[in-house]
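Q: Quick one: sequence and predicted model below, then my questions.
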Amino acid sequence: MLRRTLIAATLAAPAIARAQSWPAAPVRLLVPFSAGGPTDLPARLIADELSKSFGQRFVVENRTGSGVIVASDAVAKAPKDGQTLLYTTVGHAVARALFPHLPFDPVADFQPVAHIGRIHNVVMVNKDVPAKTLPELLALFRGNPGKFNYASNGNGGSIHLATELLLSMAGGLDVTHVAYRGSTAAMPDLLSGHVAMMLDVLSSGMPFIQKGETRGLAITAAQRSPMFPDLPTVAETIPGYESFTWHMVLAPAGTPPATVALLNAAINKVVSDPRHKATLQGQGMDVVSDSTPASSAAFLQAEITKWEAVISKAGIKAS
């Protein structure tokens, strides 16, 4: 037994040494979205804390373009040394279905490191819509096919997909999609009555609901939110419904497992810290502080399967 233990320790030593020598230089954390947005802010919090943990700077680079494709492609083709990482969202899971000729494979070319958390949406209607509850809204849509519309943050975006899933699970309701360049651009038309309904992340939508400028009907989480306990879930009307965007850190496939394990442990430590967890929760995130590379990979594959089916059924194409 002692001999086997010594042999195992000897074999593991080079991998541990390599992991301990990482990072040898500043680490690039590519974010596919603009600085200051809801994806960029958590990425910067985590990068700052990782910089303290490892004694090397983790530098956020906002690499926008073609949704998540430009940033993802850069990471997929980066050296497999843990020096270049991707901080991404559900956009990664739908890229293959929306863009059939991707320059990378969203599964084969990446090593999931850590699942950071999930951000649910709230279903809102403008104040002129007579429905006061989600069942009333669905009945209104059902009785008036094609006469109402809904806003999204862009064709094939997370809000578009979440809404199509809701309409599909409600019986295939006919509601016209109006795409905007982000939910911020769509909100004025919801408030003014140009669109009837919109889903948006809780942190963005709730201020308008609390000020009485729009009406919140339900959240897309599996359970009611402790922050908004009086707001029903969509699942209370449509059993099994849940939708959210999510945040995850990925590395290029082939990154040394010891480096991935070190990163995973460090990220879990950051997001489980009460101060940082409170900050992320304040941004509407349900934090995941116990992910592993394996559980993150399984989650990513499940999300790809789920949303590719929605995209196929709804006939959604990238704009």
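A: Thanks, I have the structure now.
Q: Name the helix or strand for the residue nearest the centre of the chain, please.
A: Computing the C-alpha centroid of the chain and ranking residues by CA atoms, centre = their mean puts residue 246 first, at 2.2 Å. Residue 246 belongs to strand 244-252 when assigned by DSSP states H and E.
Q: how far is the helix or strand immediately after that strand in the chain from where the chain is centred?
A: Using DSSP H and E, the helix or strand that directly follows strand 244-252 along the chain is helix 257-272. In terms of CA atoms, centre = their mean, to the nearest Å, the centre of helix 257-272 is set 19 Å apart from its chain centre.
Q: Same question for stretch 101-120.
A: 10 Å.
Q: And residue 148, its phi and psi?
A: phi -120, psi 160 (degrees, to the nearest 10).
Q: Need the contact partners of the helix of greatest length in the chain.
A: As assigned by DSSP state H, the longest helix anywhere in the chain is helix 293-314. With contacts defined as CB atoms under 8 Å, 6 or more residues apart in numbering, helix 293-314 is touched by 90, 92-94, 96-98, 106-107, 111-115, 156, 161, 164-165, 168, 246, 248, 257, 260-261, 264, 291, 316. In short, each C-beta sits where N, CA and C put it, glycine included.
Q: can you map out the strands along the chain?
A: 27-31, 58-62, 84-88, 110-125, 149-152, 176-179, 197-201, 215-219, 244-252, 285-287 (DSSP state E).
Q: ranges for the helices of the stretch 51-200 of the chain?
A: With DSSP state H, counting those that start in this stretch as the criterion, the stretch 51-200 of the chain has helices at 69-76, 91-98, 134-143, 158-169, 183-192.
Q: hang on, the earlier thing: just the buried subset of the contacts of helix 293-314, please.
A: Neighbour-count burial (16 or more other CB atoms under 10 Å) applied to the contacts of helix 293-314 gives 90, 92-94, 96-98, 106, 111-115, 156, 161, 164-165, 168, 246, 248, 260, 264, 291, 316.
Q: on that earlier part again, how about a markdown table for the helices of the stretch 51-200 of the chain, with distance to residue 298 added?
A: As requested, the helices of the stretch 51-200 of the chain are exported to a markdown table (distance: least, CB to CB, whole Å):
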| stretch | distance to residue 298 |
| --- | --- |
| helix 69-76 | 20 |
| helix 91-98 | 13 |
| helix 134-143 | 31 |
| helix 158-169 | 20 |
| helix 183-192 | 29 |
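Q: nearest to residue 177, of these?
A: helix 158-169 (6.7 Å; CB to CB).
Q: Quick one: mean pLDDT for that closest one?
A: Helix 158-169 carries an average pLDDT of 94.
Q: so what secondary structure elements neighbour that helix?
A: strand 110-125, strand 149-152, strand 176-179, strand 197-201, helix 293-314 (3 or more CB pairs under 8 Å, 6 or more residues apart in numbering; DSSP states H and E).
Q: Could you dump the ones you listed into CSV and include distance to residue 286?
A: CSV is the format used below for the helices and strands packed on helix 158-169 (distance: least, CB to CB, whole Å):
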stretch, distance to residue 286
strand 110-125, 5
strand 149-152, 22
strand 176-179, 27
strand 197-201, 12
helix 293-314, 13
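Q: Give the buried residues for stretch 63-81.
A: 63, 67-69, 71-76, 78, 81.
Q: of all the strands of the chain, which lies closest to residue 227?
A: Per CB to CB, nearest to residue 227 of the strands of the chain: strand 215-219, 9.8 Å.
Q: who are the neighbours of that closest one, in terms of helices and strands?
A: Against strand 215-219 (3+ CB pairs under 8 Å, 6+ apart) you get strand 110-125, helix 134-143, helix 202-210.
Q: Give me the buried positions along the shortest one.
A: For helix 202-210, the neighbour count (16+ other CB under 10 Å) marks 202, 204-206, 208-209 as buried.
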